[in-house]
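K.L.:
next comes the sequence, and after it the predicted model I'd like to discuss.
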Amino acid sequence: EKSSLVRVPEPEASVYTNVPEPEASVCTNEDKSAIAARNGVNGPAEQDQQKQPIIVGDWEYIGAFKGPICLKPKGNSSSSGSTPSHLFQCDSRRYRGQLEIRVNAGRNGLTGINELPLEEYLYGVVGREVSSGWPLEALKAQAIIARTYAVRGLNRHISEGYNLCSTTNCQAYGGYDYEAESIIRSVKETSGQVLLDNQGQLAVTLYHSNSGGYTENNVNVFGADLPYLRGGPDPYSLGYGLSDWSYSTVVNGKNSRGEDGLRNLLLRNNPSFGLVDSIELVKYPSGRVDSVIIKDDRGNTITMTGGSFGSLFNPNYATVSRERVMGRLFDLNTDAAIAMLNGHGERIIQQGGVRQLAVVSASGVSQGLAGVETNYFVVGADGKYLRPKAPQTLEFKGRGWGHGVGLSQWGAYGMAQQGFKYQEILDFYYPGTQLSR
């Protein structure tokens, strides 16, 4: 079985094994060697002003080491059950396997690397990505795409001394604390299964939280045109976690919650930007915003991606709730006019009100996604239209959470709730792929 080296969150000061094994503390000295101490119960090793170790309480000084320190339990940290005989704890998070501590010269600190079998690594990925209380078939689908994603990217960080990181740059990995019986069962009952494309290669098993009812084409987000990652309607995601969200704010000044409005946010990186005059959304057929074009009353223009526009109001997606999630699948309502460009480069102006993406037919009639005529009007080639007043308020009406490519986790949940098996879930989100061991 393959083993994985997973970089875990940076150890601040200490790394402990669980009792009854001796505890160990690791820190760095001036020449960036690593220092270890053990057999203590009162606290970690510390450093004095001369960068020499001070042993606190009953700690026993071991020594300084130029190379990595490997903390390996005497027993076996792997087990057939859900509770291993030994665990490591690094900055309050517990891990199976063994832990290697290396000096990170670039950050003047330590790097912790968790070594464990690939299948046990998946326990901490599946449990971190979805709830252990979800239907088993949804958990199995998640286990297979997580395994495929991990194997496909196993050498992503090999030059840095480990295989995978523990963040969403690879896959979120939470270690032992995110395990549960249902999670372990989903991994074991799909042991070794991966998804292959029609060329027999490992598929790119991208996934996200909720599609908002329409998955996205991979080519629109990540560039590659993959036949099994093309967007389409996804009714199974509707009605579940974050399938819809909203947020209201102002264009100028601060809103009633004391939060900066759009112009204040733009001024942070564009200090000469004037009063907002117009906002234009460029959308994909899925309804996701590709780009936002903002013009001021001085002739300045700012263009940014839909994701960057959303993150202005919710930096790093710090608030993930129905009140403010800021994905890319949204409509923007205002007390003035919003312009939209459809896939043909035609401009559509909307005077307030809730909108769907509009596409202009050959007859010139503006139609929504369902073919229903809307109240949009199209600007002619001469660009003449009645100039509306500048917008003062903004209201986001959004759907979904994440990039929208591949499997929707809440959609998989919805399918499992309706009785679909994991094979059918994978067929729906990755059409044309096949399971293999």
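P.N.:
Now that the structure is in, tell me what you want to look at. Numbers count the residues shown, from 1 in each chain.
K.L.:
in the protein, where is pLDDT below threshold?
P.N.:
1-5, 8-67, 73-83, 85, 103-109, 315-326, 336-390 (pLDDT under 70).
K.L.:
show me what secondary structure element comes after the lengthiest helix in it.
P.N.:
If you go by DSSP state H, the chain has its longest helix at helix 136-152. Where DSSP states H and E defines the elements, the next helix or strand beyond helix 136-152 is strand 164-165.
K.L.:
that next one: partners in the sheet, and parallel or antiparallel?
P.N.:
strand 3-8 (parallel) (DSSP bridges).
K.L.:
for residue 232, which non-adjacent residue is spatially closest?
P.N.:
residue 215 (5.9 Å; C-beta to C-beta, 6 or more residues apart in numbering). Yep, even glycine has a C-beta here, placed from its N, CA and C like the rest.
K.L.:
scratch that, residue 393
P.N.:
Looking at residue 393 with C-beta to C-beta, 6+ apart, the closest residue is residue 335, at 5.1 Å.
K.L.:
with residue 205 instead?
P.N.:
Looking at residue 205 with C-beta to C-beta, 6+ apart, the closest residue is residue 145, at 3.8 Å.
K.L.:
hmm, back to that, my guess is the residue nearest to residue 393 contacts residue 395. True?
P.N.:
No - with contact defined as C-beta atoms under 8 Å, residue 335 does not count as touching residue 395 (9.2 Å).
K.L.:
report how many residues lie close to the residue nearest to residue 393.
P.N.:
15 (other C-beta atoms under 10 Å).
K.L.:
residue 392 versus that one, what's the distance?
P.N.:
Per C-beta to C-beta, to the nearest Å, residue 335 is found 5 Å from residue 392.
K.L.:
go on, residue 143?
P.N.:
For residue 143, the distance to residue 392 - C-beta to C-beta - is 49 Å.
K.L.:
please apply the same query to residue 329.
P.N.:
25 Å.
K.L.:
who has more neighbours, those two?
P.N.:
residue 329 (29 against 14).
K.L.:
give me the beta-bridge partners of the more buried one?
P.N.:
residue 288.
K.L.:
which residues touch it?
P.N.:
212, 214, 286, 287, 288, 289, 398, 399, 400, 404 (C-beta atoms under 8 Å, 6 or more residues apart in numbering).
K.L.:
most surrounded residue in those residues?
P.N.:
Going by other C-beta under 10 Å, residue 400 tops the contacts of residue 329 with 33 neighbours.
K.L.:
that one touches residue 240, doesn't it?
P.N.:
No - using C-beta under 8 Å, residue 400 makes no contact with residue 240, being 10.4 Å away.
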